[in-house]
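1. What would the 3D arrangement of this be:
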Amino acid sequence: MKILVVNGSAHLNGCTDRGLREVEKTLAENGISTERVNIGNKDVRGCIGCNFCREHGRCVFNDIVNETAPKFAEADGLVVGSPVYYAGCNGQLLAFLDRLFYSTAGTVDKTMKVGAAVVSSRRAGSTSAFDEINKYFTISAMPIVSSTYWNEVHGFTAEDVEADLEGLQTMRNLGNNMAYIVKALAAARAHTAYPEQERSSFTSFHTEG
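-> Just a heads-up that it's a prediction; the model follows:
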């Protein structure tokens with residue numbers, strides 16, 4: 001069992017990384033392997049809605065998104081970490097997630113892959129960033145993993161996060177909960193198939209004139 005961990009921060013050893021490392025450590029203690037992808041220091045442009053991916057099964061921009069797609073396909077879950085900028089996620093991360101989820105719509109079955117958001121902020125704005133990430137999971141039939149507080153750590157530096165004892169506790173509870181759910185879903189699938197997802201209806205309110 002493996003969880004893909006995406007770090008949206010350009011500071012590879014910063015606050016977001018510190019929170020994610022606590023989750024990764026806890027998952028490892030539960031026998032769940034992880035793979036880290038750092039995208040905050042990459043050149044990631046946004047989706048242009050060209051639908052190249054619909055025909056070719058990959059994004060037209062051949063970058064970290066296409067490199068990550070097969071890892072996403074193989075993973076049992078996804079943890080996405082972001083710093084908070086102006087009460088929202090890192091723009092590169094949102095561009096990455098837009099393209100990753102859209103370009104894999106026809107190639108990666110996300111049903112019952114577990115998802116979790118982790119955010120770091122100095123003081124505020126974290127819950128809106130948290131909501132932004134969770135929306136990718138809820139549109140993809142991915143169960144969201146919760147903890148004992150919103151999945152966030154606080155601090156201006158990684159050293160500050162070390163002092164956020166409740167935040168690190170929240171990360172450990174998140175890791176334990178994710179491990180439990182991944183194992184429970186695997187056990188359930190051994191006896192019954194995942195629920196079928198209907199895709200036939202697509203309401204766009206388009207009228208011909």
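2. Okay, and the beta partners of the residue positioned nearest the centre of the chain?
-> Closest residue to the average C-alpha location of the chain: V80 at 3.2 Å, with Cα atoms, centre = their mean. The partner list for V80 in beta bridges (DSSP bridges) reads V6, A117.
3. Who are the contact partners of it?
-> Contact analysis of V80 by Cβ atoms under 8 Å, 6 or more residues apart in numbering lists 6, 8, 93, 97, 115-118, 133, 136. Placement of C-beta: from N, CA and C, glycine included.
4. Repeat the analysis, applying 7 Å as the threshold.
-> Counting by Cβ atoms under 7 Å, 6 or more residues apart in numbering, V80 makes contact with 6, 8, 97, 117, 133.
5. Dihedrals phi and psi, the third one?
-> Meaning L97. Main-chain torsions, L97, degrees, to the nearest 10: phi -70, psi -40.
6. contacting residues around it?
-> Applying Cβ under 7 Å, 6+ apart, the residues contacting L97 are 80, 136.
7. same question, the first one
-> Applying Cβ under 7 Å, 6+ apart to V6 gives the contacts 37, 39, 78, 80-81.
8. 10 Å instead?
-> By Cβ atoms under 10 Å, 6 or more residues apart in numbering, the residues touching V6 are 20, 35-40, 64, 68, 71-72, 78-82, 93, 96-97, 100, 118, 133.
9. K135 versus that one, what's the distance?
-> For V6, the distance to K135 equals 15 Å [Cβ to Cβ, to the nearest Å].
10. where does the nearest residue to F137 once chain neighbours are set aside land in three-state SS?
-> Take F137 and drop its neighbours on the chain: the residue closest to it by Cβ to Cβ, 6 or more residues apart in numbering is G115, 3.5 Å away. Of the three states, G115 takes strand according to DSSP: H, G, I helix; E, B strand; the rest coil.
11. G115: neighbour count?
-> G115 is flanked by 21 other residues according to other Cβ atoms under 10 Å.
12. tell me how far the ends of stretch 136-147 are from each other?
-> Stretch 136-147 stretches 18 Å from its first residue to its last (Cα to Cα, to the nearest Å).
13. could you give the mean pLDDT of that stretch?
-> For stretch 136-147, mean pLDDT rounds to 97.
14. mind listing what's buried in the longest helix seen in the chain?
-> Counting by DSSP state H, the longest helix found in the chain is helix 165-189. By 16 or more other Cβ atoms under 10 Å, the buried positions in helix 165-189 come out as 167-168, 170-179, 181-182, 185.
15. Out of those residues, flag the one nearest to T111.
-> For those, the closest approach to T111 (Cβ to Cβ) belongs to L185, at 10.3 Å.
16. what distance separates the longest helix of the chain from the middle of the whole chain?
-> Computed by Cα atoms, centre = their mean, to the nearest Å, the chain-centroid distance of helix 165-189 equals 14 Å.
17. what's the spacing between E29 and T192?
-> From E29 to T192 the distance is 29 Å (Cβ to Cβ).
18. if you count what's nearby, which of those two comes out ahead?
-> Taking neighbours as other Cβ under 10 Å, E29 and T192 compare with E29 leading, 12 against 7.
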